[in-house]
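Novice: quick one, fold the following:
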Amino acid sequence: MPNRRERRDIVRMAYALQPPAARARVDVRFVFCSVTDPVDAALVAVEARRHGDVVVLDCAENMNDGKTYAYLSSAPRLFAAAPYDYVMKTDDDTYLRVAALADELRGKPREDVYLGYGYAMGGQPMPFMHGMGYVVSWDVASWVAGADEILARNDTLGPEDLMVGKWLNLAGRGRNRYDLKPRMYDLNWDMDNFRPDTVAVHMLKDNRRWAAASRYFNVTAGIERPSDLHHLP
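Specialist: Numbering: from 1, shown residues only. The predicted structure is shown next:
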């Protein structure tokens, strides 16, 4: 949401302080629909000027009313000059370990890929990926951009992760499917189920949980004591 500036700053730091992904270019963007509140619009514009990581789409801000369709269908056009191998959608309460994800993708195909936390449903092992974060290959995003049948069925409305799975299932797309459980998971109530091989941990709903993730993944190692803070280079 446009007014969640503190959360975006936390997420920016979480990405900036991670080791770079080897032999991979990864760009992070914060995606909004049209920002209608004048205060939010002004401050989002400042963010965009300062950080260069904001994308504003022509849609009404929402979670399950077409924003994911707007994003996936716009990405091939917005980034046509330098197409990527993959496109990812993730939530702002997900801590994503970029290098771990890049390593996971490195040996995978570059086409017809659908990867994430697979959900079992109706006897199928993973008809859709959990909305905490999922990856599709560039060709799948390009197909979404031209798939008039999605709009004809009004299939942009509904739980966004379930809808993406429905589009791909009906069209026979994303056939190279990869379930990253248990390396993608929800943080539990006691915050004691972090894993050293984490790709993504979800449900970081407040600053206390982001702080726990930062400590576990050694983001703050060596700089938490007051005496150290005074001697940072």
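Novice: can you count the residues close to the closest residue to residue 66 other than its chain neighbours?
Specialist: Closest residue to residue 66 apart from its sequence neighbours, by Cβ to Cβ, 6 or more residues apart in numbering: residue 156 at 3.9 Å. All C-beta spots, glycine's among them, are computed from the backbone N, C-alpha and C. If you count neighbours by other Cβ atoms under 10 Å, residue 156 ends up with 20.
Novice: ditto for residue 77
Specialist: 9.
Novice: now residue 97
Specialist: Counted with other Cβ under 10 Å, residues neighbouring residue 97 total 22.
Novice: so it sits against residue 18, correct?
Specialist: Yes - with contact defined as Cβ atoms under 8 Å, residue 97 counts as touching residue 18 (6.7 Å).
Novice: one step back: how far away is the residue nearest to residue 66 from residue 147?
Specialist: 11 Å (Cβ to Cβ, to the nearest Å).
Novice: repeat for residue 181
Specialist: Computed as Cβ to Cβ, the residue 181 to residue 147 distance reads 28 Å.
Novice: show me where this protein has strands.
Specialist: 30-34, 54-60, 86-90, 95-96, 113-121, 124-137, 176-179, 184-186, 200-202 (DSSP state E).
Novice: and the residue nearest the centre of the protein?
Specialist: By Cα atoms, centre = their mean, the mean C-alpha position of the chain lies nearest to residue 90, the distance being 1.8 Å.
Novice: residues contacting that one?
Specialist: Going by Cβ atoms under 8 Å, 6 or more residues apart in numbering, residue 90 touches 96, 132-134, 200.
Novice: what about it, distance to residue 45?
Specialist: Counting by Cβ to Cβ, the gap from residue 90 to residue 45 is 24 Å.
Novice: residue 185 now?
Specialist: In terms of Cβ to Cβ, residue 185 sits 36 Å off from residue 45.
Novice: please apply the same query to residue 13.
Specialist: 21 Å.
Novice: same thing with residue 117?
Specialist: In terms of Cβ to Cβ, residue 117 sits 34 Å off from residue 45.
Novice: which of those two has more neighbours?
Specialist: Taking neighbours as other Cβ under 10 Å, residue 117 and residue 45 compare with residue 117 leading, 24 against 13.
Novice: who's in contact with that one?
Specialist: So residue 117 contacts 129-130, 132-134, 179-181, 184-185, 200 (Cβ under 8 Å, 6+ apart).
Novice: and if we set it to 10 Å?
Specialist: Under the criterion of Cβ atoms under 10 Å, 6 or more residues apart in numbering, the neighbours of residue 117 are 126, 128-134, 161, 179-186, 199-200, 202.
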